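In: Whatever this is, show me its structure:
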Amino acid sequence: MSQIDLTKIPHILELNRVKRAYTGGKLLDEWQRLENPQDGNFSEEFLISTVEVTNENKASDEGLSKIILPDGETITLSRLIKGDYLGYLGAKYADQQDVRVSARVGDTTVRHVLQCHPDTEFAQKYLDFPNGKAEAWYIVETRSINGSEPCLYAGFKKGVTKEQWKELFDKQDIPAMLECMHKIPVHKGGMYFVDAGVPHCLGPGSVFLEVHEPCDYTFRVEKYYLPERTFSDYEMHYGLGFEKLLDAFHYDTYTYDEMLAKCALSETNLFKTDKARIDEVVSYAQAKRFKVDKYTFSEAIDVPYFDGHRIAITVKGQCKFNTGEYACTAEQGRGVFLPHGIKNLTLEPVEGETIVLVCYPPAE
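Out: Here you go, the predicted model:
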């Protein structure tokens with residue numbers, strides 16, 4: 001057998017469950033077809049990641065995606081692309097030395113902690129980190145938790161000021177802080193976007209597939225999060241202090257309709273037949289730092305050429321990624337790295353309707 005050029009084949013990422021402060025995971029286990037599904041703190045999967053978790057007591061390489069190569073060697077995605085930035089990423093992205101787009105999925109039975117993520121300027125200036133974290137969530141599944149329907153809190157309401165936010169933060173008046181934000185309902189199959197710096201938290205009851213910039217920094221403004229979970233000062237501000245923590249938030253204000261228009265994204269159809277379609281669910285105009293196409297198909301469909309690398313996630317069913325010379329099958333709930341060297345790619349359903357998200361790095 002001739003040697004396989006690793007820059008020209010799809011790479012399926014190994015399962016990569018991480019521990020989070022919030023509880024959940026049963027529906028995530030079921031989605032990934034794991035045995036003995038249950039809720040707990042291993043409620044999040046880093047599907048495609050080149051960054052480690054920012055947990056205070058993290059293990060070495062925790063959060064980094066791993067690949068088993070055709071010869072049996074296990075290697076992190078970061079180390080793989082380091083071997084040939086040009087071949088894996090393409091000329092437009094080689095000098096950035098990173099995939100620039102990541103994906104994770106979580107399942108929560110409780111509301112997420114009140115938070116925001118740094119924008120690029122803040123991350124570079126204060127965290128010595130190359131990028132911030134804008135994120136988009138595709139809702140894979142939902143469940144009602146204690147009669148509460150799935151929702152997203154996001155963006156400051158009109159009239160909210162930084163001074164008011166600080167006062168409520170100092171008091172740790174969480175109900176009043178939530179009242180400062182818009183409450184947006186979410187539904188299965190919907191796509192929702194939250195930019196870096198925007199205050200937000202996802203309510204209980206959603207399996208959310210998150211496409212985002214490679215970053216795990218989260219600025220938390222809720223110290224006593226759960227009865228069994230109190231955040232340390234470091235976990236809230238990473239040693240920057242509470243003043244800088246509050247500076248990480250963007251204090252733009254919105255009406256409900258304005259925030260809904262920014263968060264709840266609409267699909268744009270790019271291609272359609274009786275048995276296959278491609279819809280753009282996150283555009284560069286909306287997210288700026290990545291874009292996402294959704295492939296829904298019950299027969300083989302070709303993926304248009306792109307002058308760069310991409311990532312993909314099998315959302316429903318099993319998908320065979322076929323380059324013509326090499327093929328591999330990604331089960332439901334698995335991530336796939338698609339190097340720049342792949343010139344021809346066909347997605348083939350194993351059985352029945354299949355859904356795959358294909359995600360692109362920044363356009364610039």
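In: quick one, strands of the stretch 151-300 of the chain?
Out: Ranges of strands in the stretch 151-300 of the chain, per DSSP state E, counting those that start in this stretch, are 151-157, 181-185, 191-194, 200-202, 206-212, 219-220, 224-226, 229-230, 253-254, 264-265, 268-272, 276-282, 291-297.
In: Identify the bridge partners of the residue nearest the centre of the chain.
Out: By CA atoms, centre = their mean, the chain has its centre lying nearest to residue 210, at 2.5 Å. With beta bridges defined as DSSP bridges, residue 210 has these partners: residue 104, residue 137.
In: Could you do residue 18 as well?
Out: Note on residue 18: beta-bridge partners by DSSP bridges are residue 44.
In: And it, how far from residue 3?
Out: Using CB to CB, to the nearest Å, one gets 34 Å for the distance from residue 18 to residue 3. Just so you know, the C-beta spots here come from the backbone N, C-alpha and C atoms, and that holds for glycine as well.
In: So which of the two has more stuff around it?
Out: When neighbours are counted by other CB atoms under 10 Å, residue 18 and residue 3 differ, and residue 18 comes out ahead with 20 against 7.
In: returning to that earlier point: can you redo the strands of the stretch 151-300 of the chain as a markdown table with distance to residue 303?
Out: Below are the strands of the stretch 151-300 of the chain laid out as a markdown table (distance: least, CB to CB, whole Å):
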| stretch | distance to residue 303 |
| --- | --- |
| strand 151-157 | 30 |
| strand 181-185 | 32 |
| strand 191-194 | 19 |
| strand 200-202 | 30 |
| strand 206-212 | 17 |
| strand 219-220 | 37 |
| strand 224-226 | 41 |
| strand 229-230 | 42 |
| strand 253-254 | 36 |
| strand 264-265 | 21 |
| strand 268-272 | 10 |
| strand 276-282 | 9 |
| strand 291-297 | 8 |
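In: Which parts of this protein belong to which domain?
Out: Structural domains assigned to the chain are 6-264, 268-360, following automatic domain parsing.
In: Not counting sequence-adjacent ones, nearest residue to residue 75?
Out: Among residues not flanking residue 75 along the chain, residue 67 sits closest, at 5.7 Å (CB to CB, 6 or more residues apart in numbering).
In: quick one, what contacts residue 23?
Out: 39, 40, 41, 43, 108, 109, 110, 226 (CB atoms under 8 Å, 6 or more residues apart in numbering).
In: pLDDT value on residue 119, please?
Out: On pLDDT, residue 119 comes in at 98.
In: How about residue 60?
Out: 79.
In: give me phi/psi at it?
Out: phi -60, psi 130 (degrees, to the nearest 10).
In: That one and residue 52, how far apart?
Out: 8 Å.
In: Those two: who's more crowded?
Out: A count of neighbours by other CB under 10 Å puts residue 52 above the other of residue 60 and residue 52, at 17 against 6.
In: List the contacts of the more buried one.
Out: By CB under 8 Å, 6+ apart, the residues touching residue 52 are 58, 61, 62, 63, 64, 216.
In: swap the cut-off to 6 Å and go again
Out: 62, 63, 64 (CB atoms under 6 Å, 6 or more residues apart in numbering).
In: Excluding chain neighbours, what is closest to it?
Out: Residue 52 sits nearest to residue 63 (CB to CB, 6+ apart), 4.5 Å away.
In: What about that neighbour, how many residues nearby?
Out: 20.
In: and the gap between it and residue 28?
Out: Counting by CB to CB, the gap from residue 63 to residue 28 is 16 Å.
In: now do residue 243
Out: Applying CB to CB to residue 243 and residue 28 gives a distance of 36 Å.
In: So for those two, which residue has more residues nearby?
Out: residue 28 (26 against 9).
In: how about the host helix or strand of that one as PDB, C-alpha atoms only?
Out: Take DSSP states H and E as the rule and residue 28 turns out to sit in helix 26-31. C-alpha atoms of helix 26-31 as PDB (Å, rounded to 0.1, in the frame of the first residue of the first chain):
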ATOM      1  CA  LYS A  26     -27.400  12.600  29.200                       C
ATOM      2  CA  LEU A  27     -28.800  13.800  25.900                       C
ATOM      3  CA  LEU A  28     -25.300  14.400  24.700                       C
ATOM      4  CA  ASP A  29     -24.400  10.800  25.500                       C
ATOM      5  CA  GLU A  30     -27.500   9.600  23.700                       C
ATOM      6  CA  TRP A  31     -26.700  11.800  20.600                       C
END
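In: mind listing what's buried in that helix?
Out: For helix 26-31, burial by neighbour count (16 or more other CB atoms under 10 Å) applies to 26, 27, 28, 29, 31.
In: So the nearest residue to residue 40 once chain neighbours are set aside versus residue 278, what's the distance?
Out: Ranked by CB to CB, 6+ apart and with sequence neighbours excluded, the top spatial neighbour of residue 40 is residue 25, at 5.7 Å. For residue 25, the distance to residue 278 (CB to CB) stands at 31 Å.
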